[in-house]
Structure formats: C-alpha cells, structure tokens
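Participant: how would this look folded up:
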Amino acid sequence: MVKLYLSLAAASGMLAVILGAFGAHGLRDKLSAELFSAYQTGVQYHFYHTLALLAVALLLEKYPLNMWLKTSGGLLLAGILMFSGSLYLLALGGPRWLGPITPMGGLCFIVAWACLLMAVVKA
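Facilitator: Numbers count the residues shown, from 1 in each chain. Predicted coordinates for the structure are as follows:
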C-alpha cells in the first residue's frame, strides 16, 4: 500500500504541474475569468491533496496496518478525481451535470482529513 500511494502521489503531483502549466500558458486567454478561476482552484486543491496523499503514504510506512490511513489515502484520491477533475472538465466545456460532483469531491477531502485525524488519535 505504501508503494502504491507513493506512486500515485508522484503521478498526481506530476499531473498537477502539467495541468497547472497548461492552464497558465494555454488557457488564460481562452477562458472567461470565472472558468479560469475554477480551473485554478482545481489545480490548487489537486496540489494540496497530492501532498496530503504523500504524507499518508509516508505515515503508512510507520503504521502499515492503520485502516484510518488507508481510508484517508483512498478518499484523497477520490477527492482529487471528483473535485479537481470536475473543475478541470467544467472549465474546458464539459457537461453541466459534472457540477454536483465537485462538492462530493470536497466531501471526500473533508472525510479524508477526518480519517487522518483518527489515525493520529488512534496511533
């Protein structure tokens, strides 16, 4: 699980840089201010939660059986996909039905942080 989460964090970080650069250099003049802001929010949350996933992976090295940590990592990944992914797609003209997915991703982030808190309390 440690190697998996480390690999996913590395890939997610790389993707966040690529998408951030694409937004800054390829989309700034093509999107409205509102859509560009939504895209940038996706990039910011993508980065923040990639770093959190990296921390979870490193903590799993010390606490490999901690289910709170494992759950936190899975929820961080789900949150990145749903929150940031939906914002990226909406900014690029994706279907409007993606809008309700964004808050579900945000909820995944909140619960992931709560699981991380539980992992620390229970350790």
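Participant: going by C-alpha atoms from here, please, whenever you check contacts or count neighbours.
Facilitator: Fine.
Participant: in this protein, which residue is closest to the centre?
Facilitator: Nearest to the geometric centre of the chain sits Ile80, at 2.5 Å (C-alpha atoms, centre = their mean).
Participant: that one touches Ala52, doesn't it?
Facilitator: No. Ile80 lies out of contact with Ala52 (C-alpha atoms under 8 Å); the separation is 10.9 Å.
Participant: rewinding a little: distance of the closest residue to the residue nearest to the centre of the chain other than its chain neighbours from Gly20?
Facilitator: Leaving aside its sequence neighbours, Ile80 sits nearest to His46 (C-alpha to C-alpha, 6 or more residues apart in numbering; 5.7 Å). As judged by C-alpha to C-alpha, to the nearest Å, His46 and Gly20 stand 10 Å apart.
Participant: neighbour count for these two, which is higher?
Facilitator: Taking other C-alpha atoms under 10 Å, His46 and Gly20 do not tie; His46 has more neighbours (27 against 20).
Participant: my guess is that one meets Val17, correct?
Facilitator: No. Counting by C-alpha under 8 Å, Val17 is not a contact partner of His46; they are 9.5 Å apart.
Participant: what about the longest helix along the chain, distance to the chain center?
Facilitator: Longest helix in the chain, counting residues (DSSP state H): helix 33-62. Chain-centre distance of helix 33-62: 4 Å, with C-alpha atoms, centre = their mean, to the nearest Å.
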